[in-house]
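Undergrad: I'll drop the sequence and a predicted model, then ask my questions.
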Amino acid sequence: EVPAQLAAQERQEGGELVQDARAGVGHVERQQEQQPLHQEESAPQAPAADMAAMNLGEAAAAAPATQSAPIELEAPAPAAPAPEAQVHGTGHDGEPAIPDVTLNGKTYKPLADGKYDAIVLSTGLSECVLAGLLSVRGLRVLQIDRNSYYGGGCASLNLKELFQQNGKPFQDDSTQARLGRARDYCVDTVPKLLMANGKLVKMLIQTGVTRYIDFNGIAGSYVFNSGKIYRLPVTASEALTSSLVSLFQKNALRKFAEFMRTYKCPKRVANTLNKQEFVAAITQYYKTHNPEKIVEVEDLASKFDSRREVLVSALEKKYGLPLFEETADITFGDGPLGLNIVNQPVKKAVAPELGGPIASVVVVADFNKLQDGSKGPAEASNRVAKGDIVRAINGESVLGLPDQAVKEKIMQASRPLVITFMKPAFDPSSQKYDLLSMTMRDLYAKFGLDETTQNFIGHAMALQTDDSYLDAPAEPTVLACQLYGRSMGRYGQDSPYLYPNYGLSTLPEGFSRLSAIYGGTVMLRTEVDEIIRGADGRVCGVRVGDMAASAKFVIGDHSYFPPDFSVKTGRVVRSVCLLRHPIKNTQGDSCQIIMPAKHLAGKANDVYISSLGSSLQVCPKGVQLAIASTKVETNDPASELRQAIGLLGEVEERFDSVTDTHGPSNDGTATGCFVTNSLDATSHFETAALDIMRIYRSIMNKELNLDEKLVANPEEQ
């Protein structure tokens, strides 16, 4: 799917309005588009003409991108001229003054516009993503950060800031002569990579934030095994020839890989809907399959509201067609389609004369080769599979028609021709194993995988941080392996990982900009003095000096809330190392190395190394950023990275830090205060994405559907 873009909203866009509360509401600064916001110097943007960018919405089969060619999720569209920024709090220039804000019987001057649906504290990644999502959904959002830059705990620092943050002296001339210009560095305080088919990338695409950020693929993924670094296989054939796997394990791995590839689980779309939307979906389904029973839908939906997937599965099994359609529109030009379609009876409990109108559907039985032996257009699209249902032709439904009638419609239609294919209903009983009741340890045993093979599957592919997953249900690990496989090479990269040029702080900047486009306000350099709650314990607003803003919800990292709102969840040690060379036995100028705890002395948690080069615009040429991290287990955190640092070779400069991680002490639903989880020691953003979805669900009363397009393409507006 082509990534979503912003269009009509561009006329409202004036860049983020950054209000300095210390100077009064009337003081406004405009942040320049695309400018990384450092405290002092900012990295220069590369000219767009120099970026042979690739669109992440294109097919994964596109030609591999070279390491020096950034992957652009969406080519930036020219911004409309920005209107003059105004703050309507002083009553000047003829604008009406914003009314005072009264909270708990006390009256305050209005903070910004005074009244909001949600206030977000911090411009960290999770907070900015939520600000963007809620703004797109129509909520009025105010975002506040005590810092003068975006990113919160996951900011990207230049070299001078890196030295200063770690208490090291920075000599402008001598330090830059040795390590390069300070402004050429964008060093992440929390190193993370994006899974190319992961939840955060889907959030970027569905909101259109992709248009603001260029991405590169990470050149390789490696695993540490018995004292050596091994490159993880990119393809199935590489897996069977890799020295990671013993000769006797190759056949067992092949069978396990095929099982993981073909395993399906229900999408569980029902939980992404609120109750009204769920009732509407069931009603529409009954209109097709059992219209006389529509009067019973409300009661049925209420009875199964907490067990929606049970109801969905029962209805699909009864009537044979999916309740939540997963469709693909394929456009065909002149010539044969390469399709063999046949009738297939539909299971149904209702006879046609009693209101069950669909007795059969037309499905894809097989693919026909063209005269030259090549694949036909249907098979070559890689979007149609055997068993798929022909749903519509040029937008006209053909459900219930016999195959001959469908064939005639296809032959009579003018070209280009659009055929809509629908995936059949999912039948859980078709799975060989119940992975929600079977442990991962038991699943490994079923396929005869030894400890070494289990180790690289669980830690290097499923990205589990320790071995506790072995005794947990197997489905999450299998789905994590599928995510790894579907991310591998999705945009031409030789790993499953993507990384944004100019550092991770570009991600929160992009989502904060999205929030501003949809009416949100961003205030930097603003210290929140109080989170105000009513007599019932629910939040009603925040106070900054003698100003306040009201809101039903307040979201933020733990540092903005009273201590009893969060709990300490652990500590993470990180070491940023500046190198003059790539890491030995790796290829390209970027990589990810996972060091499973099983192969490390005295460790129970894995160690991660991210190595980033100049092609990612985070350091000057000739310098390599290597960042090692792990969860702290001892009183000597730096020593826990000893084996990781040993892999790096000679280190020019090293910066060690230990950070406490926190999580919410409760789910926030009773108070309206939602504390985000600190970014953990894992190498990816999947756990952060789950936390974002948790808070979104609590506020919007439904799951975030990652397949939904939230921002329309300009052509559709």
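TA: Arrived safely. Numbers count the residues shown, from 1 in each chain.
Undergrad: State the distance from S495 to L111.
TA: 45 Å (Cβ to Cβ, to the nearest Å). C-beta coordinates here come from the backbone N, C-alpha and C atoms, glycine included.
Undergrad: who's more crowded, these two?
TA: For S495 versus L111, the count of surrounding residues by other Cβ atoms under 10 Å is larger for L111: 31 against 25.
Undergrad: My read is that the more buried one contacts D100, right?
TA: No - under the criterion of Cβ atoms under 8 Å, L111 makes no contact with D100, lying 10.6 Å away.
Undergrad: How far does stretch 498-517 sit from its chain's centre?
TA: 13 Å (Cα atoms, centre = their mean, to the nearest Å).
Undergrad: average model confidence for that stretch?
TA: With pLDDT averaged residue by residue, stretch 498-517 scores 94.
Undergrad: Stretch 556-568 too?
TA: Per-residue scores along stretch 556-568 average to 96.
Undergrad: May I see the buried residues of that stretch?
TA: Using 16 or more other Cβ atoms under 10 Å as the test for burial, stretch 556-568 gives G556, D557, H558, Y560, F561, F565, S566.
Undergrad: Just give me the closest of these to G622.
TA: Within those, proximity to G622 (Cβ to Cβ) peaks at D557, which comes in at 36.1 Å.
Undergrad: Quick one: residues contacting D546.
TA: For D546, the contacting residues are Y108, K109, taking Cβ atoms under 8 Å, 6 or more residues apart in numbering as the criterion.
Undergrad: Quick check: the gap between it and I593.
TA: From D546 over to I593 the distance is 52 Å, taken as Cβ to Cβ.
Undergrad: S468 - how many residues pack around it?
TA: Applying the criterion other Cβ under 10 Å, we find 9 residues in the vicinity of S468.
Undergrad: An error on my part: the question was meant for A670.
TA: Neighbours of A670 using other Cβ under 10 Å come to 10.
Undergrad: give me the element the closest residue to S397 other than its chain neighbours is part of.
TA: Sequence neighbours aside, R391 is the residue nearest to S397 in space, at 6.9 Å (criterion: Cβ to Cβ, 6 or more residues apart in numbering). When elements are defined using DSSP states H and E, R391 is found to belong to strand 389-393.
Undergrad: now that strand, how far from the centre of its chain.
TA: Using Cα atoms, centre = their mean, the distance from the centre of strand 389-393 to the centre of the chain it belongs to is 31 Å.
Undergrad: do the same with stretch 133-143
TA: Relative to the mean C-alpha coordinate of its chain, stretch 133-143 is positioned 18 Å out (Cα atoms, centre = their mean).
Undergrad: buried sites along it?
TA: Of all the residues in stretch 133-143, those buried under the rule 16+ other Cβ under 10 Å are L133, L134, S135, V136, L139, R140, V141, L142, Q143.
Undergrad: among those residues, which are in helices?
TA: Secondary structure assignment (DSSP state H) places L133, L134, S135, V136 from the buried residues of stretch 133-143 within helices.
Undergrad: thought the residue nearest to S397 was touching L399?
TA: Yes - with contacts counted by Cβ under 8 Å, R391 reaches L399, the gap being 6.6 Å.
Undergrad: can you count the residues close to G395?
TA: In terms of burial, G395 registers 8 neighbours under the definition other Cβ under 10 Å.
Undergrad: From A252, how far out is it?
TA: In this view, G395 and A252 are 48 Å apart by Cβ to Cβ.
Undergrad: Same question for I419.
TA: Counting by Cβ to Cβ, the gap from I419 to A252 is 40 Å.
Undergrad: quick one: which of those two has more around it?
TA: Set I419 next to A252 and count neighbours by other Cβ under 10 Å: I419 wins out with 24 against 18.
Undergrad: And the pLDDT for that one?
TA: Confidence per residue is given as pLDDT, and for I419 that number is 94.
Undergrad: Confirm that it sits in a strand.
TA: Yes - I419 forms part of a strand when assessed by DSSP: H, G, I helix; E, B strand; the rest coil.
Undergrad: tell me the SS of D113?
TA: Secondary structure, three-state DSSP: D113 is strand.
Undergrad: Nearest residue to it in space, ignoring adjacent ones along the chain?
TA: In space, and not counting its chain neighbours, D113 is closest to I98: 6.1 Å by Cβ to Cβ, 6+ apart.
Undergrad: Burial check on that neighbour, number of neighbours?
TA: The number of residues near I98, taken as other Cβ under 10 Å, comes to 19.
Undergrad: From Y222, how far off is it?
TA: Separation of I98 from Y222 (Cβ to Cβ) stands at 56 Å.
Undergrad: Which strand or helix spans Q206?
TA: Assigned by DSSP H and E, Q206 belongs to helix 199-207.
Undergrad: ok, then the element right after that helix?
TA: Under the assignment DSSP H and E, the closest C-terminal helix or strand after helix 199-207 is strand 214-217.
Undergrad: Enumerate the sheet neighbours of that next one, specifying parallel or antiparallel for every one.
TA: With DSSP bridges as the test, strand 214-217 is paired with strand 71-72 (antiparallel), strand 497-500 (antiparallel).
Undergrad: and the residue nearest the centre of the chain, what is it in contact with?
TA: Note on the chain: the residue nearest the mean C-alpha position is L200, at 1.0 Å, using Cα atoms, centre = their mean. L200 sits next to V129, L194, L507, F685, E686, A688, A689 when contact means Cβ under 8 Å, 6+ apart.
Undergrad: Tell me the spatial nearest neighbour of it, not counting adjacent residues.
TA: Taking Cβ to Cβ, 6+ apart, and ignoring the residues beside it in sequence, L200 has F685 as its nearest neighbour in space, at 4.4 Å.
Undergrad: which residues does that neighbour contact?
TA: Residues near F685 by Cβ under 8 Å, 6+ apart: L125, K192, L193, L194, M195, G198, K199, L200.
Undergrad: Tabulate those (TSV), appending distance to T288 and pLDDT.
TA: Putting the contacts of F685 into TSV (distance: Cβ to Cβ, whole Å; pLDDT from 0 to 100) gives the following:
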residue	distance to T288	pLDDT
L125	42	94
K192	45	92
L193	44	94
L194	40	95
M195	37	93
G198	35	92
K199	32	93
L200	36	95
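Undergrad: who wins for neighbours among those residues?
TA: With neighbours defined as other Cβ under 10 Å, the most crowded of the contacts of F685 is L125; it has 28 neighbours.
Undergrad: Test my guess that it contacts G510.
TA: No - between L125 and G510 there is no contact under Cβ under 8 Å: 10.2 Å.
Undergrad: Skip the chain neighbours and tell me the closest residue to P110.
TA: Counting by Cβ to Cβ, 6+ apart, P110 lies nearest to I98, which is 4.4 Å off, once chain neighbours are set aside.
Undergrad: Which helix or which strand is home to S126?
TA: In the assignment (DSSP H and E), S126 maps to helix 125-136.
Undergrad: quick one, that helix and helix 199-207 angle?
TA: Per axes from the mean of the first three to the mean of the last three Cα atoms, to 10 degrees, the angle that helix 125-136 makes with helix 199-207 is 30 degrees.
Undergrad: May I have helix 125-136 as PDB, with CA atoms only?
TA: In PDB, the C-alpha atoms belonging to helix 125-136 read as follows (Å, rounded to 0.1, in the frame of the first residue of the first chain):
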ATOM      1  CA  LEU A 125       8.900   8.900  21.000                       C
ATOM      2  CA  SER A 126       5.900   7.200  22.700                       C
ATOM      3  CA  GLU A 127       4.500  10.500  23.700                       C
ATOM      4  CA  CYS A 128       4.800  12.100  20.200                       C
ATOM      5  CA  VAL A 129       3.300   9.100  18.500                       C
ATOM      6  CA  LEU A 130       0.300   9.300  20.800                       C
ATOM      7  CA  ALA A 131       0.000  13.000  20.300                       C
ATOM      8  CA  GLY A 132      -0.100  12.500  16.500                       C
ATOM      9  CA  LEU A 133      -2.500   9.600  16.600                       C
ATOM     10  CA  LEU A 134      -4.900  11.400  18.900                       C
ATOM     11  CA  SER A 135      -4.800  14.600  16.900                       C
ATOM     12  CA  VAL A 136      -5.600  12.800  13.700                       C
END
